[in-house]
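1. Quick one, what's the 3D model for this:
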Amino acid sequence: MSGLDFSALTDDQLVELVRECCREAVRRSPAASAAIERMMLDEAEKVRVAQAATATEAAAARARERMRIANEAAAAERARQDAATAGERAAAARRAAEREAEAAQRRLAAEMALLRRVASEIGRQPAEISILHIRTRYGRRVMVNAGSDRFTRDHLVDYNADTRQISTKASLVTKKPDLIRIAAEIATHCAIDTFLVGASYPWHSSQETR
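-> Okay, here's the model as predicted:
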């Protein structure tokens, strides 16, 4: 009986058919009447369950759509913020690089000025000397050497910052007071293990690079 086709009936005709079926069941017997009542209740429950499932699915679909819209909005906001701050980050990086470059230039200028000062005091060219500030078993020492050999034992100037004693080449003995003052400044302002090699600096004057 499940293959019956009621598609040709209008809504009103379909309702009237059901009504007549109910009346016929009542006329036939109490058993038929009870059976059709149970059938109608079962069918009504099926319709209710189907409608509830449809409503639940529709609500879930709406929730998914709201979530999708919210996620897209959040992603768009993040992209907007990233775009807004990208320029600021790039500008900050440029400023940091500029500050570092300026600091490097100041360090270079200070080191070259120190080499010039020491070289002038001992009658040498800046490119011909090196300055070393180290801690040894004899104390903290500032050494001025000819050339770039860090480990040479032949020092033009050797100042002990702990004892404030200085030894120099014989030709520099008369300059000891000035050399002590300069060496003490180096010991105060230059970090331990500072090693300045004059030949590695960009001297522009041919007299300084001789």
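
2. next one: phi and psi at Y201?
-> The phi/psi pair for Y201 (degrees, to the nearest 10) reads phi -100, psi 150.

3. Count the neighbours of it for me.
-> Residues near Y201, counting by other CB atoms under 10 Å, number 16. Glycine gets a C-beta too; all of them are placed from N, C-alpha and C.

4. I'd assumed Q125 was in contact with it.
-> No: between Y201 and Q125 no contact is recorded; they are 11.3 Å apart, counting by CB atoms under 8 Å.

5. now this structure, which segments are flagged as low pLDDT?
-> Scanning the chain for pLDDT under 70 picks out the ranges 1-3, 205-210.

6. what about the helices in it?
-> 11-28, 30-122, 176-189 (DSSP state H).

7. Return the most buried member of those.
-> Comparing the helices of the chain by mean neighbour count (mean count of other CB atoms under 10 Å), helix 176-189 ranks first with a mean of 16.

8. now the angle between helix 30-122 and it, please.
-> 180 degrees (axes from the mean of the first three to the mean of the last three CA atoms, to 10 degrees).

9. Report all helices and strands that helix 176-189 contacts.
-> helix 30-122, strand 129-136, strand 139-146, strand 155-160, strand 165-168 (3 or more CB pairs under 8 Å, 6 or more residues apart in numbering; DSSP states H and E).

10. Could you check how far that helix is from the centre of its chain?
-> Its chain's C-alpha centre and that of helix 176-189 lie 44 Å apart, by CA atoms, centre = their mean, to the nearest Å.

11. Please apply the same query to stretch 42-56.
-> Its chain's C-alpha centre and that of stretch 42-56 lie 55 Å apart, by CA atoms, centre = their mean.

12. do the same with stretch 160-168
-> 48 Å.

13. how long is it end to end?
-> This stretch, stretch 160-168, spans 12 Å end to end (CA to CA, to the nearest Å).

14. quick revisit: columns distance to F195 on top of the helices and strands packed on helix 176-189, output as a markdown table?
-> Shown next, in a markdown table, are those (distance: least, CB to CB, whole Å):
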| stretch | distance to F195 |
| --- | --- |
| helix 30-122 | 11 |
| strand 129-136 | 5 |
| strand 139-146 | 10 |
| strand 155-160 | 14 |
| strand 165-168 | 19 |
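
15. and of those, who's closest to L14?
-> L14 lies closest to helix 30-122 among the helices and strands packed on helix 176-189, at 13.2 Å (CB to CB).

16. picking up where we left off before, closest one to L9 among the helices and strands packed on helix 176-189?
-> Across these, L9 has its closest neighbour in helix 30-122 (16.9 Å, CB to CB).

17. what's the angle from that closest one to helix 11-28?
-> Comparing the axes of helix 30-122 and helix 11-28 via the same axes, to 10 degrees yields an angle of 130 degrees.
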